[in-house]
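Engineer: Dropping a prediction and its sequence here:
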Amino acid sequence: MISEALMYNQTNLITFVMVDATYTEVPGLGGTFTLQISKAGGAFNPSTGAKAEISNGWYSYLLSAAECNTVGPLSIRVTGAGCIQQNLEYVVRSRTAGCIEYTYTVLNSVTLLPMAGVEVWFTTDVAGVNIVWHGFTDAFGVARDADDELPCLDAGTYYAWKNHVGFTDDDNPDTEVVS
């Protein structure tokens, strides 16, 4: 299961529970558990961040910026004495510090009702080659990414593309100015 997103090239704090074979929380490990990191499907490597015990079988790990310097899946394997292995997966995302959250809504041109499940992507070129954001519309027709967030774009002109089975769009791409 993928948890929340981690931010690119900065430290990120994660928390997790260590359990034994009967799924009972295991307290008392302190920072002695072993944590290994796999970036974007690569080999597992030893961790370099800070480990700590919170209490009652809960632990924390502060990922270093170097451990979060690759956009994509970040797999974490945690082991400890008397514990079953914990497998955690996160996604490292890159967001521009000054980006603007942009609401893009897709409506049915006949009924004027919101359309759910429409694939939406933004490009910086009218040919549709340089994709900078991708997602699907929710029940309200609002485009959101896999983490349920709005597009976060730098100020400028973008081209919004839409695709849905049985949906014909005469305005594809749609020119959007973000400011």
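Structural biologist: Perfect, I can see it now.

Engineer: From here on, just use CA atoms for contacts and neighbour counts.
Structural biologist: Noted.

Engineer: Which helix or strand contains the residue nearest to residue 66 when sequence neighbours are not counted?
Structural biologist: Among residues not flanking residue 66 along the chain, residue 9 sits closest, at 6.5 Å (CA to CA, 6 or more residues apart in numbering). Assigned by DSSP states H and E, residue 9 belongs to no helix or strand.

Engineer: does residue 9 really touch residue 68, like I thought?
Structural biologist: Yes. The pair residue 9 and residue 68 qualifies as a contact (CA atoms under 8 Å) at a distance of 5.1 Å.

Engineer: More neighbours: which of these two?
Structural biologist: Remark: of residue 9 and residue 68, residue 68 carries more neighbours, 24 against 17, as counted by other CA atoms under 10 Å.

Engineer: Name all residues that make contact with the more buried one.
Structural biologist: Each residue near residue 68 by CA atoms under 8 Å, 6 or more residues apart in numbering is listed here: 6, 7, 8, 9, 10, 11, 12, 39, 74, 92.

Engineer: give me phi/psi at it?
Structural biologist: Backbone geometry at residue 68, expressed as degrees, to the nearest 10, gives phi -120, psi 30.

Engineer: how deep is residue 99 tucked in, by neighbour count?
Structural biologist: Counted with other CA under 10 Å, the neighbours of residue 99 add up to 14.

Engineer: Make sure it is actually in contact with residue 152.
Structural biologist: Yes. Between residue 99 and residue 152 a contact is recorded at 5.3 Å, counting by CA under 8 Å.

Engineer: Please name the residues that touch the residue nearest to residue 66.
Structural biologist: Counting by CA under 8 Å, 6+ apart, residue 9 has contacts 65, 66, 67, 68, 69, 70.

Engineer: on that earlier part again, for the contacts of residue 68, which one is nearest residue 30?
Structural biologist: residue 12 (19.3 Å; CA to CA).

Engineer: How about the closest one, nearest residue that isn't a chain neighbour?
Structural biologist: Closest to residue 12 by CA to CA, 6+ apart is residue 63, at 5.1 Å.

Engineer: Thank you, goodbye.
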